[in-house]
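In: Coordinates for the following, if possible.
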Amino acid sequence: MRLRWPIVLIALALIVGACASPSGSPAESAPAEESAEPEESASAEESAEPSEAAAESEAPPAVGEMVSVFELEVGLCFDDPAESAQVFEVMSLDCGVAHDNEVYYLFDHDGSTFPGDAAMAASADDGCEGAFEAYVGIPYLESALYYTYLIPTQESWDDGDREIVCVIYEPGEKLTGSMEGAAR
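Out: Take a look at the predicted model:
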């Protein structure tokens, strides 16, 4: 298994609410090249789920719009945040221009009690690696791309956060265009 360095992204998404990393992969919160990822914490306000009617009527974020880490969507592209402290939102970018990250998979962790950071990281690794090939078009171990993730923290879990956000990046490089079906 190869190492995945946590991108500031982790420090941003669910950073607000969560982020942890398994051994050799992203940690919790802010990125640290090939080390643990930064941790995140979220407030009850930010993790509150929108009403069903509101969710159905909301349009995807516009390019250049700030997006809460709790509202990231598959296909959203963005750069690493400027700071490595907790980040609550990122700016949506056109995937056609150079960018650092692309959200490629979202899923909820099951359970009624917080399983702990290590179990969350293991769940994220399983889910994100499992979804990688379907999005990128080639198996993870054959790809030049890496993944990282944003996971709930104890604090965000207590506020109802269950979502794990999987994000593609290429260490030391910018991505241009969507990585969906890119087979790289």
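
In: Tell me where the chain has strands.
Out: 66-68, 77-78, 89-91, 101-108, 146-150, 163-169 (DSSP state E).

In: Among the ones you listed, show me which one is buried the most.
Out: strand 146-150 (a mean of 29; mean count of other CB atoms under 10 Å). C-beta here means a position set from N, CA and C on the backbone, and glycine is covered the same way.

In: For the strands of the chain, could you give me JSON lines that also reports distance to residue 135 and mean pLDDT?
Out: Shown next, in JSON lines, are the strands of the chain (distance: least, CB to CB, whole Å; pLDDT from 0 to 100):
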{"stretch": "strand 66-68", "distance to residue 135": "19", "mean pLDDT": "93"}
{"stretch": "strand 77-78", "distance to residue 135": "13", "mean pLDDT": "96"}
{"stretch": "strand 89-91", "distance to residue 135": "19", "mean pLDDT": "89"}
{"stretch": "strand 101-108", "distance to residue 135": "4", "mean pLDDT": "98"}
{"stretch": "strand 146-150", "distance to residue 135": "10", "mean pLDDT": "95"}
{"stretch": "strand 163-169", "distance to residue 135": "8", "mean pLDDT": "97"}
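
In: Any idea which of the ones you listed gets closest to residue 176?
Out: strand 77-78 (9.7 Å; CB to CB).

In: I'd like to know how many residues surround residue 181.
Out: Number of residues near residue 181 (other CB atoms under 10 Å) recorded here: 11.

In: Can you tell me, leaving aside adjacent residues, what's nearest to it?
Out: Leaving out its chain neighbours, the residue that sits closest to residue 181 by CB to CB, 6 or more residues apart in numbering is residue 137, at 4.8 Å.

In: same deal with residue 90?
Out: residue 78 (4.2 Å).

In: From residue 121, how far off is that neighbour?
Out: Separation of residue 78 from residue 121 (CB to CB, to the nearest Å): 22 Å.

In: same deal with residue 138?
Out: For residue 138, the distance to residue 121 - CB to CB - is 24 Å.

In: Same check on residue 173?
Out: 25 Å.

In: ranges for the helices of this structure?
Out: Taking DSSP state H, the helices of the chain run over residues 44-47, 52-57, 117-136, 154-158.

In: TSV for those helices, including distance to residue 92?
Out: TSV is the format used below for these (distance: least, CB to CB, whole Å):
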stretch	distance to residue 92
helix 44-47	17
helix 52-57	17
helix 117-136	18
helix 154-158	21
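
In: how much space is there between residue 89 and residue 72?
Out: Using CB to CB, residue 89 is found at 10 Å from residue 72.

In: Equivalent analysis for residue 97, please.
Out: 18 Å.

In: So residue 132 is in contact with residue 143, correct?
Out: Yes. Applying CB atoms under 8 Å, one finds residue 132 in contact with residue 143, separated by 7.2 Å.
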